[in-house]
Each structure stands twice: as C-alpha cells, then as structure tokens.
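Colleague: Whatever this is, show me its structure:
(chains A and B)
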Amino acid sequence: MRYLVAIISAFLAAVPIAAQSYKAPRTADGHPDLQGIWQVMNTAAVNLEDHIATLGMPAGLSVIVDPPDGKIPYTPAAREKQKENYKSRAKADPLNICYIPGVPRTMYLPFPIQFVQTPKFVLMASEFAHTLRRVFMDGTKHPEVSLFWIGDSRGRWDGETLVVDTANNLPDTWLDRSGNFHSDALHIVERITRTEPDILTYEATLDDPQVYTRPWTIRMLLYRHKEPNFKLLEYECNAYLEDAEKESQ
Amino acid sequence: MKNLKALNMLVVAATAAALMLFAPIPGSGQDKQKGGKGGKGKGGPPGAEQYGPYYAAPITPGQPVGRTPDGQPDMQGFWTPRFNQAIFEVQDHPKAQPGIGPGKGAIVDPADGRIPYKPEAAAKANELLAKQIYLEPEAHCYVSGVPHAAYQQFGYQIVQPAGYVLFLTEYAHTYRAIPTDGRPHISPNVKLFRGDSVGKWDGGTLVIDTTNQNGKTWFDMAGNFTTQAIHVVERITPVDTNNINYEAVVDDPTIYTQPWKIAGQLGRHPDQNMELMEFACVEGNQDLVHYTEGVGGKAKEKGPLTK
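Modeller: Numbers count the residues shown, from 1 in each chain, chains lettered A, B, ... in the order given. Reported below is the predicted structural model:
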C-alpha cells in the first residue's frame, strides 16, 4: 500500500500544474514578472484540510493535493497535538496574539499581498501586520544560525516558475487557524507560476520529519487585485488587540 | 528604553546578524568621529555622539544620480538616517527629561528648533512626556507614522519598481509603499497609523504627500503627539549616489500656530550587499513589562514568549 501511494505521488508530482502555454511578460532583468497585488479566494487560512463551517468560519475543501486523501500526513503523536491545538485555538493560535504568521501561512491569509521584484530579491509585503518577506535570488545560502518568524527564503527561477526554498523557521507559528503545525525542522519548497495574466498558481511542499511521515503539498490560486487604485492598507493587529483588551475591562 | 527594547527583541529575532548594524564598519572612519554629548546614545555605537544613537554612514561624496529603467532618479539601496537625536525627541531638547538625555532635534523652521504648539497642545505634550515610558506608541510596537518613519533607527532600504517607491524598514519589519502614478488619496474616512501617502517626482525631488494618519503616533519618545488633522509633505532629493537630502513640512492647524519643518540627510550604507534582518517586535516585546500597570495589566497573559 505504501509503495502504491509512493507511485501515485510520484505520478502526481510529475504532472505539470497546467498546460503551461502562457508566458508571463518579463522584468527588466529578463525574469517572469509576478509583480502586483494578489490574494487567495479560499479558506486555507481556516484549515488546510477539508472542513465544515464553524461559527464565523466558512467550510472549505482541502488544498492538499498530495497525499491524495487531502490530509496532512502527521505522525500519530503529532495528530494528537494538532487536535489539542484545535481545542485551545482561541488562546493558542499565535495569530490571535498578533505574531508574525510565518511561511506558508502568510501567503493565504485573507489579506492582500504585494509582490515586488528587484534583481536581488522578490519582496512579498502582506497587509497583515505589515509582514515583510524577502526571497533572495542571488544564489546565497540559508544562514547557519538564527530562526525567524518568517523563515529564511532563497529562490531561483525554473523557466516560468519562481522556486523558493525556506528554512530557519521558528517552531512557534501555525499553518492555519485549526492548529495545524510544524517544528523547527520544517523545510518548505514553494513553486509560484503566473499561469494566466492575472493568476498565480501557488504550490508549497512541506517537509518536517519530526511531525510528518512524508512531505506533502498544497496548491491554490492567487488572484490579482484589479480594482482601480487598489493599495495595501494596514492591519496593525497588536494595536487592535490592546484596544480590545481595554474595552473588555 | 529604546536601546533596551531593541536589544531584547533582537535576541528573540535575529541576534547575530542584526547586531552587525551596531558594529562599526571597518574603514568607515566612525572611530574618528567626535562630537557633542548625545541623548540616550551614551555608550552606544561609535558615531552616536555626532549623528544620533544609531549607526549612520559617514559622509562620502558619490557619483551623479542614475535613473531607474522607468526614468525615476535612482535612490535604490540601503540608507542610514542623520537626524541628530530626533528619534528621542524631534525638537531641540537641551535639558535632560524623564528617560531622555539632552540632545538636538531635526527642526529647522522655526529657527528655535521647537514645535510651534498652541498653549493647550503644549500642555498635552508635557503631560504625555511625563508618562512616556507607558504611553510611547513604539513601546507598544505600534508602527510609526510620517515623518517619524524617515528617521527610524537602523535605517531602511529603498526600492523603486515601476510606479512605486518603497521604503523597507528593518525596525519592526515595516514598509511604506508609495504609488507615484498620480492617483488621489484614499477616502478621508479611513485613518491609518502610517496614513495614506501619494508621491510624484518634481524634477530630481520625490514629493510625498501624506494625509489620513490616525493620530495615534508620536514624532518621538517625548510625547510630541499627532492628531488626525496632520498633513505632511516630504521632499526627498538625491544629491549623488551616496547622499540624499530630506525635508518635511508638517501642518496641523488644530495644534500648531504655524507649519514647521524638519530636515536631515540619508547616507548610503557602506555595505550594499547586506540583508535587512527580521526585527520581531510584538513577539518578544519586553516593554510589555513596563506597561502592565500603564494600560490595564493584561500584558502578562499575552502569550508564551512574555512569560
């Protein structure tokens, strides 16, 4: 059975995301131009796995494309931990106390995210708590010390696709509101492709042998904001948290 | 307090690399600099006495300013601010005050270097100064407003994609993304910590007009507050590849008797290959300890890292 799963996974991984006929316009230095303001239209921020609605939280289908069952391949102990996280999520979700969301969570929050490209890095600026993510494109390696809330991201171009390798992740971030989590051994490879003029196809493979039995992959679309003069505003999470605390006294 | 806060948070975030910003840059000549007594920068990095509490690049003449592919004067790169001790107090403050040493601010008009407050606004600023260790917005990890963002400690990186100028600040990982495509301001009903900024190039000068600020930010640590009526026009002029002149006119008829102006310079950081590091603020904020009494006493329950 395990062997069969491996074969199916290998097959799925080999299938291209879409017939890649679209070629993105190029930046001045000749790379696909992914710039603009983007946002998902899904409920991955609620739960990456299949989920029914709960109060204030819409239902949604799993964004996990591998394994084929759409579930995170936790070790049994890790699944128990996730269930505990779920129960205590109101207090335990790091986003509820306004911590930096981490990778990949920052990519599918219900907040716009602006991509800016320079020859040295691709910048992803989220409206959520002014979270900044830089993907260095100059062939440099992850630093040997230091863990970061937003991890350390180094990228390269694979044809039309931006491939981002992220390590040095602090273990304190979650993957969604439902307590899905990782350890500091988390290693992420994202593949971001402008598959249509106004769509980015986003894929991330997460590997963390301390928590998962095998690597697993999510896939979703980011849509371009086309409203005239659209711009990032701000969500100064910790300031609103303080206001709420003062009001509740 | 700012030094203490910075150090505490850097330990949580990116100690080794971020500390490089404090270190003198070899060959920069920082060790030769001498000057008057700084504010709280006493005991800070070399050069603090002259330019302020944090590292500022030495003044070095550069080459003529180039152009970006879309024709903007090119200011891209890492810059360090020189605004005296404005980060502690934006106006001249020759006498020591609670928690803030004596120093020079960045106000060039009026000539006395002081904010032209109306009497009741001056009284309010004094009141806030007395409680600044609890109330200073940055101690609460609030994002700074405009023009405070221009003299933020640790400097920033300027990036100029087509149609924008971005300022990426290391302190509290904030940014300003300023469109230069001629769009109008957003609705006046929406107030923001950073306000709404629109930019345009006036010859070799970037002019940034900022409205829509929410009145919750200060200019410094010293109680110099803002209201929602604040209007700021910044003029940013690259002089050569190593030097930028900065000035900002601040107007708010509700609290000032006249508009006033700050001025400073930005110096290109000698290391243009550096990477700005993560500066987590909320996540490791030890200043929470200070304001448990100040704003409700709930900080202790905030989360695992504040135990």
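Colleague: Quick check: pLDDT value at residue A:56.
Modeller: On pLDDT, residue A:56 comes in at 86.
Colleague: Compute the number of surrounding residues for it.
Modeller: Neighbours of residue A:56 under the rule other Cβ atoms under 10 Å in any protein chain shown: 6. Every C-beta, even on glycine, is put in place using the N, C-alpha and C of the backbone.
Colleague: What residues does chain A have near chain B?
Modeller: Within chain A, the positions near chain B by Cβ under 8 Å from any Cβ of the partner chain are A:28, A:35, A:94, A:97-100, A:114, A:116-118, A:123, A:125, A:129-132, A:134, A:136, A:143, A:145-146, A:148-150, A:172, A:229, A:231-234, A:236-239, A:242, A:245-246, A:249.
Colleague: Out of those residues, list just those in strands.
Modeller: A:114, A:116, A:117, A:123, A:125, A:132, A:134, A:136 (DSSP state E).
Colleague: Could you verify my assumption that the second one touches residue A:35?
Modeller: The reference is to residue A:116. Yes. Judged on Cβ atoms under 8 Å, residue A:116 makes contact with residue A:35 at a distance of 6.0 Å.
Colleague: still on that earlier bit, select only the buried ones of the residues of chain A next to chain B in PyMOL?
Modeller: Of the residues of chain A next to chain B, the buried ones go into a single PyMOL selection, burial set by 16 or more other Cβ atoms under 10 Å in any protein chain shown:
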select buried, chain A and resi 35+94+97+98+99+100+114+116+117+118+123+125+129+130+131+132+134+136+143+146+148+149+150+172+231+232+234+236+237+238+239+242+245
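Colleague: thinking residue A:238 is in contact with residue B:141, fair?
Modeller: Yes. With contacts counted by Cβ under 8 Å, residue A:238 reaches residue B:141, the gap being 5.3 Å.
Colleague: what sits in contact with each of those two?
Modeller: Counting by Cβ atoms under 8 Å, 6 or more residues apart in numbering or on different chains, the shared contacts of residue A:238 and residue B:141 are residue B:282.
Colleague: Could you measure from residue B:80 over to chain A?
Modeller: 19 Å (Cβ to the nearest Cβ, to the nearest Å).
Colleague: thinking again about what came up before, overlap in contacts, residue A:116 and residue A:35.
Modeller: The overlap between the contact sets of residue A:116 and residue A:35 (Cβ under 8 Å, 6+ apart) consists of residue B:161.
Colleague: pLDDT below threshold where in the chain?
Modeller: Going with chain A. The model of chain A has pLDDT under 70 over residues A:1-20.
Colleague: should've been chain B
Modeller: Where chain B drops to pLDDT under 70, the residues are B:1-53, B:285-307.
Colleague: In it, mark out all the helices, start to finish.
Modeller: Shown for chain B, the helices assigned by DSSP state H span residues B:2-12, B:15-19, B:48-51, B:119-130, B:132-135, B:288-291.
Colleague: What is the burial count for whatever residue of the stretch 1-150 of chain B ends up closest to chain A?
Modeller: Closest contact between the stretch 1-150 of chain B and chain A, by Cβ to the nearest Cβ, is at residue B:69 (4.5 Å). For residue B:69, the count of nearby residues is 12 (other Cβ under 10 Å).
Colleague: and if you look at residue B:218?
Modeller: Neighbours around residue B:218, by other Cβ under 10 Å: 24.
Colleague: where exactly do the strands run in chain B?
Modeller: B:77-82, B:107-109, B:156-159, B:164-169, B:175-179, B:196-202, B:205-211, B:231-240, B:243-251, B:260-268.
Colleague: How about the last one and chain A, touching?
Modeller: No. Contact of strand B:260-268 with chain A is not found when judged by Cβ under 8 Å from any Cβ; the minimum separation is 15.7 Å.
Colleague: export that strand as CSV, just CAs?
Modeller: Taking Å, rounded to 0.1, in the frame of the first residue of the first chain, the C-alpha atoms of strand B:260-268 are listed here in CSV:
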residue,chain,number,x,y,z
TRP,B,260,7.0,73.6,10.8
LYS,B,261,9.8,71.8,9.0
ILE,B,262,12.3,69.1,9.8
ALA,B,263,15.4,68.4,7.7
GLY,B,264,18.0,65.6,7.7
GLN,B,265,20.1,63.6,5.4
LEU,B,266,20.3,59.9,4.4
GLY,B,267,23.7,58.4,3.9
ARG,B,268,24.3,55.3,1.7
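Colleague: got a list of what the residue nearest in space to the middle of chain A touches?
Modeller: In chain A, the centroid-proximal residue (Cα atoms, centre = their mean) is residue A:104; its distance is 2.3 Å. Shown in contact with residue A:104 (Cβ under 8 Å, 6+ apart): A:175, A:188, A:190, A:204, A:206, A:218.
Colleague: For the closest residue to residue B:242 other than its chain neighbours, which residues are in contact?
Modeller: Closest residue to residue B:242 apart from its sequence neighbours, by Cβ to Cβ, 6 or more residues apart in numbering or on different chains: residue B:62 at 3.2 Å. Residues in contact with residue B:62, defined by Cβ under 8 Å, 6+ apart, are B:240, B:241, B:242, B:243, B:268.
Colleague: One more pass at 6 Å, please.
Modeller: B:240, B:241, B:242 (Cβ atoms under 6 Å, 6 or more residues apart in numbering or on different chains).
Colleague: Could you dump the strands of chain B into a markdown table with distance to residue A:199 and mean neighbour count added?
Modeller: As requested, the strands of chain B are arranged in a markdown table below (distance: least, Cβ to Cβ, whole Å; neighbours: other Cβ atoms under 10 Å in any protein chain shown):
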| stretch | distance to residue A:199 | mean neighbour count |
| --- | --- | --- |
| strand B:77-82 | 33 | 22 |
| strand B:107-109 | 50 | 17 |
| strand B:156-159 | 25 | 22 |
| strand B:164-169 | 22 | 21 |
| strand B:175-179 | 22 | 22 |
| strand B:196-202 | 28 | 18 |
| strand B:205-211 | 32 | 20 |
| strand B:231-240 | 36 | 19 |
| strand B:243-251 | 38 | 19 |
| strand B:260-268 | 38 | 21 |
